[in-house]
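Q: The following comprises the amino acid sequence and a computationally predicted model.
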Amino acid sequence: MRIIPFFNKNKERDGEIIVKELNINLTHTSYKIIIENGLLDHIADYIKTVYTNKKIFIITDDNVAKYYLKKVSKALEDSYIVESIVIPHGEASKSLTEYAHVCEELLKKDIRRNHLLLALGGGVIGDLCGFVSSSLYRGIPYIGVPTSLLSQMDSSIGGKTGIDFFGRKNILGAFKQPKMVLIDPLTLNTLDPSEYTSGMGELIKHGAIGNKKLLTMLMNTQEMNEDIILESLSVKKKMVEMDEFDMGERMKLNFGHTFGHAIELKYGYKHGVAVGIGMKMALQMGLDLGVTDKEACDVICHILDKYSFPQVEYNYKDYLHDVIYDKKNLAGTINFIFVTKLGECVIYPIKEEELGVDTK
Ligand SMILES: NC(=O)c1ccc[n+]([C@@H]2O[C@H](COP(=O)([O-])OP(=O)(O)OC[C@H]3O[C@@H](n4cnc5c(N)ncnc54)[C@H](O)[C@@H]3O)[C@@H](O)[C@H]2O)c1
Ligand SMILES: [Zn+2]
């Protein structure tokens, strides 16, 4: 069955505006995530609660600008002086060149260290703008306004920022937490369906590793809604709060990525789609090792099929060799992530030599 989720287009449900809130509490800071249909129309109301200076610099990409730059600028203009910088869309913009370009434009527009950046866009804009925010003047505040599914349910929280360099993804970066994250799920209505499916990969992953309720919601609905985004974010929240600087627990977010990465490189699937396929492979390996419960495997595979992931069969054993050569492997041990039962998972270290792969 092919079901593409779509977002409830109504601003109100039963006459009431629904606002969801989540707090991220870290050692030295905390911040709010607000989810509200139609939030962009009155975004200044939220920004005013954390920023009272005069100037705001919006950083966005050309795709997102087409739909939302005017709307957001207009909603801010009564309260702030608004400047904007539009960069080309796509991963190629997470580069040193684009980083330098954005910094240069900001300085030309006379940005000061107590001004605010607004990251309006998907994960690319979030990562780049966050990195600029961490480094320009040794740190200026930013607010995330994620507009893609992936950025709304995942990348906009947790404070990982960065750019690609020397052929390596996210190799230059910093931890920099936003002042606030403002999510308007109505922006998902203009997202390309292929980006949607890719975001669904990471969303289903969150259910698989940490939220049985989210899996049930995904089984029973065909419509994206703010509760699904909230449940997904709550998994990331828990991991980020337990492991702010990515030293252990956050590793669980790599479920599906070990094999997914190999598949992405080999066949060129979009990242989240490859993660979906990688999850199926990890589920099979977990089953073979007796770590993964059969019900969990069946339910997660069913959800992936429901949300239009490619029905391809790759045998995980054929990709162990690629996994061994992945850059993340430490001292000959690979930390696999296996789902144990629905909504639960373990970090499962296996020594290279125990994988039975000829590495000569
Ligand atoms: N920092 C983190 O924790 C973290 C986590 C996961 C992924 N990431 C990064 O996120 C990036 C991927 O994010 P992404 O999938 O959002 O990619 P993206 O930012 O490239 O967005 C995908 C495409 O959708 C367009 N788009 C975004 N919102 C839209 C909207 N509402 N309407 C129409 N078009 C819209 C964009 O212009 C782009 O073409 C990668 O660089 C990845 O490394 C970061
Ligand atoms: Zn991922």
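A: Noted; the coordinates are in hand. Ligands and ions are numbered 1, 2, ... in the order given.
Q: hang on, residue 157 packs against residue 26?
A: No - Residue 157 lies out of contact with residue 26 (Cβ atoms under 8 Å); the separation is 10.5 Å. Where C-beta positions appear, they are placed from N, C-alpha and C, glycine not excepted.
Q: what is in contact with the two at once?
A: Counting by Cβ atoms under 8 Å, 6 or more residues apart in numbering, the residues touching both residue 157 and residue 26 are residue 240.
Q: Kindly report the residues of the stretch 51-200 of the chain close to ligand 1.
A: Applying Cβ under 6 Å from any ligand atom, we find that the stretch 51-200 of the chain lies next to ligand 1 at 61, 63-64, 67, 89-91, 94, 121-125, 127, 147-148, 150-151, 154-155, 158, 160, 170, 187, 190-191, 195.
Q: Sorry, wrong one. I was asking about the stretch 201-350 of the chain.
A: Near ligand 1, when you scan the stretch 201-350 of the chain using Cβ under 6 Å from any ligand atom, you find nothing.
Q: where do the helices sit along the stretch 201-350 of the chain?
A: Under the criterion DSSP state H, counting those that start in this stretch, the stretch 201-350 of the chain contains helices at 212-220, 226-242, 257-267, 271-289, 294-306, 320-324.
Q: which of the residues in the third one are buried?
A: Buried residues in helix 257-267, counting neighbours by 16 or more other Cβ atoms under 10 Å, are found at 257, 258, 259, 260, 261, 262, 263, 264.
Q: So of these, which two are at opposite extremes in space?
A: Farthest apart among the buried residues of helix 257-267 by Cβ to Cβ are 258 and 264. That separation is 11.3 Å.
Q: Is residue 33 bridged to anything, and to what?
A: Beta bridges link residue 33 to residue 22, residue 181 when assigned by DSSP bridges.
Q: Ignore what I typed, I meant residue 82.
A: When bridges are called by DSSP bridges, residue 82 pairs up with residue 56.
Q: Looks like it contacts residue 54 (just checking).
A: No - judged on Cβ under 8 Å, residue 82 makes no contact with residue 54 at a distance of 10.1 Å.
Q: So for the two, which sits in the more crowded spot?
A: Between residue 82 and residue 54, counted using other Cβ atoms under 10 Å, residue 82 has the larger neighbour count: 18 against 12.
Q: just the helices in the stretch 51-200 of the chain please.
A: Under DSSP H, counting those that start in this stretch, the stretch 51-200 of the chain gives helices at 62-77, 96-108, 123-135, 149-150, 193-210.
Q: between residue 157 and residue 26, who's got more neighbours?
A: Between residue 157 and residue 26, counted using other Cβ under 10 Å, residue 157 has the larger neighbour count: 24 against 15.
Q: Could you find the closest non-adjacent residue to residue 64?
A: With Cβ to Cβ, 6 or more residues apart in numbering as the criterion, residue 64 has its nearest non-adjacent residue at 4.4 Å, and that residue is residue 121.
Q: Could you count how many residues lie near that neighbour?
A: By the measure other Cβ under 10 Å, the count of residues near residue 121 is 31.
Q: quick one: contacts for residue 101?
A: For residue 101, the contacting residues are residue 87, by Cβ under 8 Å, 6+ apart.
Q: next one: residue 217
A: Residue 217 is in contact with 227, 228, 231, counting by Cβ under 8 Å, 6+ apart.
Q: for the last one, what are its contacts?
A: Yep, that's residue 231 we're talking about. Residues near residue 231 by Cβ under 8 Å, 6+ apart: 206, 207, 211, 213, 214, 217.
Q: what's the domain layout of this protein?
A: Using automatic domain parsing, the domain parsing of the chain gives 6-190, 193-355.
Q: Output those domains as TSV; include the columns mean pLDDT.
A: Putting the domains of the chain into TSV (pLDDT from 0 to 100) gives the following:
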stretch	mean pLDDT
domain 6-190	94
domain 193-355	92
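Q: Buried deepest among the helices of the stretch 201-350 of the chain, which one?
A: Most buried of the helices of the stretch 201-350 of the chain by mean neighbour count (mean count of other Cβ atoms under 10 Å) is helix 271-289; its value is a mean of 23.
Q: could I get that helix in CSV with only the CA atoms?
A: Coordinates of each C-alpha in helix 271-289 appear next as CSV, following Å, rounded to 0.1, in the frame of the first residue of the first chain:
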residue,chain,number,x,y,z
HIS,A,271,19.9,9.7,3.4
GLY,A,272,16.6,9.0,5.3
VAL,A,273,15.5,6.4,2.7
ALA,A,274,18.9,4.6,3.1
VAL,A,275,18.4,4.7,6.9
GLY,A,276,15.0,3.0,6.4
ILE,A,277,16.6,0.2,4.4
GLY,A,278,19.5,0.1,6.9
MET,A,279,17.0,-0.4,9.7
LYS,A,280,15.6,-3.5,8.0
MET,A,281,19.1,-4.9,7.6
ALA,A,282,19.9,-4.2,11.3
LEU,A,283,16.6,-5.8,12.4
GLN,A,284,17.5,-8.9,10.5
MET,A,285,21.0,-9.0,12.0
GLY,A,286,19.5,-8.5,15.5
LEU,A,287,17.0,-11.3,14.8
ASP,A,288,19.9,-13.7,13.7
LEU,A,289,21.8,-12.8,16.9
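Q: Just want the angle from that helix to helix 193-210.
A: Relative orientation of helix 271-289 and helix 193-210, computed by axes from the mean of the first three to the mean of the last three Cα atoms, to 10 degrees: 30 degrees.
Q: does residue 345 have beta-bridge partners, and which?
A: Going by DSSP bridges, residue 345 forms beta bridges with residue 339.
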